[in-house]
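J.: Kindly generate the corresponding structure for this input.
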Amino acid sequence: MSDPKYRFLTPPQVAEELNVKPNQVHALIKAGDLRALQVGGRGMWRIGRQDVEDYIERAYRRTAERIAAGEISDDGEIGDQE
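T.: Residues are numbered from 1 along each chain as shown. Sure thing, here's the model as predicted:
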């Protein structure tokens, strides 16, 4: 994950790590799914390395629970949404 000497990452760095666009990282922050802090001026968000790892772990757990519940198959197909 990027340069390990830094404790905090920027949204673009997290986006690169998760292979998503930076606006998706901002959406995760806004939704409360990814912990972050605002430093200094407007738009200066930083995300702790451990917070990224915690988010990934929770996402793995939620995915496994959804597969076990039959909401999605292990091939990635989403079950009936009715």
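J.: so where do the helices sit in the chain?
T.: Along the chain, counting by DSSP state H, helices occupy 11-18, 22-31, 49-68.
J.: quick one, which of the ones you listed is packed in tightest?
T.: Here the criterion is mean neighbour count by mean count of other C-beta atoms under 10 Å, and of the helices of the chain the winner is helix 11-18, at a mean of 18. Placement of C-beta: from N, CA and C, glycine included.
J.: which residue is nearest the middle of this structure?
T.: Among the residues of the chain, the one closest to the centroid is residue 55, at 5.1 Å (C-alpha atoms, centre = their mean).
J.: do you know how far the closest residue to it other than its chain neighbours is from residue 44?
T.: Of all residues not flanking residue 55 in the chain, residue 34 sits nearest, at 4.9 Å (C-beta to C-beta, 6 or more residues apart in numbering). Separation of residue 34 from residue 44 (C-beta to C-beta, to the nearest Å): 16 Å.
J.: Check residue 54 too.
T.: Counting by C-beta to C-beta - residue 54 and residue 44 are separated by 22 Å.
J.: Show me the contact partners of stretch 34-48.
T.: Applying C-beta atoms under 8 Å, 6 or more residues apart in numbering, the set of residues contacting stretch 34-48 from outside is 7-11, 14, 25-26, 28-29, 51-52, 54-55.
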